[in-house]
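Visitor: just coords:
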């Protein structure tokens, strides 16, 4: 083992990220060559005005959202897996995604159920994001109250999952009674989408992700200590209760904001930390956090590029692509390597 | 030299369930001395882990206090306590991806800055911990690829790297084979002597503890904690506190636990050592008496009973029990 190999790998991952970014931006219904994009971005001169429009107002924000979402989800996932010491934990175990779902469902479905369809089908993305944030915060707050009451992290995990199921049940009831139009709208939201965000929203998302990462940076050492379990962590002077609150705050901001803006995106949060552990062969969070962030961002960019169906005007929902493309990769890795020992 | 690192005074411990306080241990007094290895012995469920938790400052006593270097443990912050006290717990779960060196480096967590970056001093302590436990050759091995005994040594090295004056180990020899059990306990004794640390080991291995411990703490239901030199406890018979039932007792002569049966007299003649093992086998198989005499001879080993020659004890037992 060379001493600098993790940093070499991190640089490689950074290059992969840049490559994925260019690929993502250049592919679409009109394919634009990466050199044209680069010269356009740096000199401000485009061969066609329409291309400038496409790149600046559609593809660039979408690619940035993919990067932010990838970073947010994978870092939340890594925190959850380490804190709960559970390889199946993901950013949504504390009910964040179902909470956001509930908020959006109430906005979209309850309107039609109670005959308050004031939006007339056209709901602004801001309204969706706010509804999602409110829903996620509400569920997270309830789970946090439970977390305050129970001291055991396993119990917290179970409480989170139970809340998730309960909230999903409410969404099912709302779906059952709502009209076809609203239902389709909600179904599309629940499939996730990286596009359709305006620059203002991208900035807000970026800001929230940055704030959400601060507690992670502050507690890198604590996460390393948690690898040996709560009792060992305590004996090394780490305060698991403090870490729990930081984790709830951080995942709430990261996963909550991503879900509110893009809908629930499955798979990235659970799989990426495992990929990082396999590639870097380490459990040191000083390496794993940046590694997961880079891989998560690249993976989501690539999935989105695939979802463009290059050469066609159609796009696939991102949630389907992450699972369809990502799952086989991870399954093959899991089968090839002794998965449980890597964790 | 022999300074009390940890003192317990009139300690009452237990857990609070709802509004009910369930007291498990009452009125304990003890002193854990530096430069000594102390073994805490007692039956399952008597409250050894509870006592350990209290010493680690993770459980607030109902009554009394635990003093660390003359100061109440509750007055220490988590981090300050971590610099004085380190542990090896029964924790089957370890990240397989981690190398032994990384595990030992985790012992420096209380001493490093917020990123956990290791300074020269930290590296030196880690190196010393690895060499004290004789596992330098394992530094780059992954935890999933080493044996249980090696892993236990790595965990001890981690606790050493934490560089406190007190080390508490909860059953460090459970799940280990005989050789490793001896090795670990001797290693701990060596560390307590060489580095002047106070070491408390919770164990069920009475025989190995007798051989290695400087001091025993015997914990039993409803009695105060008995502390003393292991040999003194054997001589005074207090060691039998560990075996409250009628079935077993501690044999002072043989230095181990035996089933308490009336002395069975078999008529066996021959070399003394062989006679002992044969009567042991007869006792175990439930043979109460022999109708004839057994003659044993060695080199080559043979038994003669009622005119039949046997090459092994098993042959004799088969004939005795089948009839």
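Guide: That came in fine, so what should we check first? In this text the structure is predicted, and so the values were computed from the model without any measurement. Numbers count the residues shown, from 1 in each chain, chains lettered A, B, ... in the order given.
Visitor: surely residue B:109 meets residue A:237?
Guide: Yes: at 6.9 Å, residue B:109 counts as touching residue A:237 under the criterion of Cβ atoms under 8 Å. Placement of C-beta: from N, CA and C, glycine included.
Visitor: got the contact list for residue 193?
Guide: Just so you know, I chose chain A. A:262-263, A:317-318 (Cβ atoms under 8 Å, 6 or more residues apart in numbering or on different chains).
Visitor: um, chain B though
Guide: Neighbouring residues of residue B:193 by Cβ under 8 Å, 6+ apart: residue B:35.
Visitor: element containing it, please.
Guide: helix B:178-195 (DSSP states H and E).
Visitor: show me how far that helix is from its chain's centre.
Guide: 11 Å (Cα atoms, centre = their mean, to the nearest Å).
Visitor: list the buried residues for that helix?
Guide: B:180-185, B:187-189, B:191-192, B:195 (16 or more other Cβ atoms under 10 Å in any protein chain shown).
Visitor: where does the stretch 201-323 of chain B dip in pLDDT?
Guide: Applying pLDDT under 70 to the stretch 201-323 of chain B flags residues B:260-264, B:323.
Visitor: residue B:65 is in contact with residue B:9, correct?
Guide: Yes: between residue B:9 and residue B:65 there is a contact at 5.5 Å, judged by Cβ under 8 Å.
Visitor: one step back: how about the contacts of residue A:193, which pair is most distant?
Guide: The most widely separated members of the contacts of residue A:193, counting by Cβ to Cβ, are A:262 and A:317 (10.8 Å).
Visitor: find residues that contact each of the two.
Guide: Common neighbours of residue A:262 and residue A:317 (Cβ under 8 Å, 6+ apart) are A:192-193.
Visitor: where do the helices sit along the stretch 101-250 of chain A?
Guide: For the stretch 101-250 of chain A, the helices defined by DSSP state H, counting those that start in this stretch occupy A:111-113, A:125-149, A:153-177, A:180-190, A:199-218, A:220-226, A:230-235, A:240-262.
Visitor: among these, which is nearest residue B:163?
Guide: Comparing the helices of the stretch 101-250 of chain A under Cβ to Cβ, the one sitting nearest is helix A:230-235, at 13.1 Å.
Visitor: what helix or strand is the nearest residue to residue A:206 once chain neighbours are set aside located in?
Guide: In this structure, residue A:206 finds its nearest non-sequential neighbour in residue A:68, 5.7 Å apart by Cβ to Cβ, 6 or more residues apart in numbering or on different chains. In the assignment (DSSP H and E), residue A:68 maps to helix A:60-84.
Visitor: quick one on the thing from earlier: any chance of the buried residues of helix B:178-195 in a markdown table, with pLDDT and distance to chain A too?
Guide: A markdown table is the format used below for these (pLDDT from 0 to 100; distance: Cβ to the nearest Cβ, whole Å):
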| residue | pLDDT | distance to chain A |
| --- | --- | --- |
| B:180 | 88 | 21 |
| B:181 | 90 | 22 |
| B:182 | 91 | 26 |
| B:183 | 89 | 23 |
| B:184 | 90 | 18 |
| B:185 | 93 | 21 |
| B:187 | 91 | 20 |
| B:188 | 92 | 17 |
| B:189 | 93 | 22 |
| B:191 | 91 | 18 |
| B:192 | 92 | 19 |
| B:195 | 90 | 19 |
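Visitor: list of residues touching whichever strand or helix holds residue A:25?
Guide: Under the criterion of DSSP H and E, residue A:25 resides in helix A:5-26. Helix A:5-26 is touched from outside by A:2, A:32-34, A:37-38, A:55, A:59-60, A:62-63, A:66-67, A:279-280, A:282, A:284, A:287, A:290-291, A:294-295, A:297-298, A:301-302, A:304-305, with contacts defined as Cβ under 8 Å, 6+ apart.
Visitor: so which of those residues reach chain B?
Guide: The subset of those lying close to chain B, counting by Cβ under 8 Å from any Cβ of the partner chain, consists of A:282, A:284.
Visitor: ChimeraX command for the buried members of the contacts of helix A:5-26?
Guide: To isolate in ChimeraX the members of the contacts of helix A:5-26 that are buried, counting by 16+ other Cβ under 10 Å, one can use:
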select /A:32,37,55,59,60,62,63,66,67,280,282,284,287,290,291,294,295,297,298,301,302,304,305
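Visitor: tell me how chain B divides into domains.
Guide: Annotated domains of chain B cover B:4-256, B:268-322 [automatic domain parsing].
Visitor: residue B:274 versus residue B:253, what's the distance?
Guide: Plainly put, residue B:253 is 18 Å away from residue B:274 if you go by Cβ to Cβ, to the nearest Å.
Visitor: higher neighbour count, these two?
Guide: residue B:274 (16 against 7; other Cβ atoms under 10 Å in any protein chain shown).
Visitor: and the more buried one, what element?
Guide: Per DSSP H and E: helix B:272-284 holds residue B:274.
Visitor: in TSV, list the domains of chain B along with distance to residue A:97.
Guide: Shown next, in TSV, are the domains of chain B (distance: least, Cβ to Cβ, whole Å):
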stretch	distance to residue A:97
domain B:4-256	27
domain B:268-322	63
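Visitor: now residue B:199: phi and psi?
Guide: phi -120, psi 130 (degrees, to the nearest 10).
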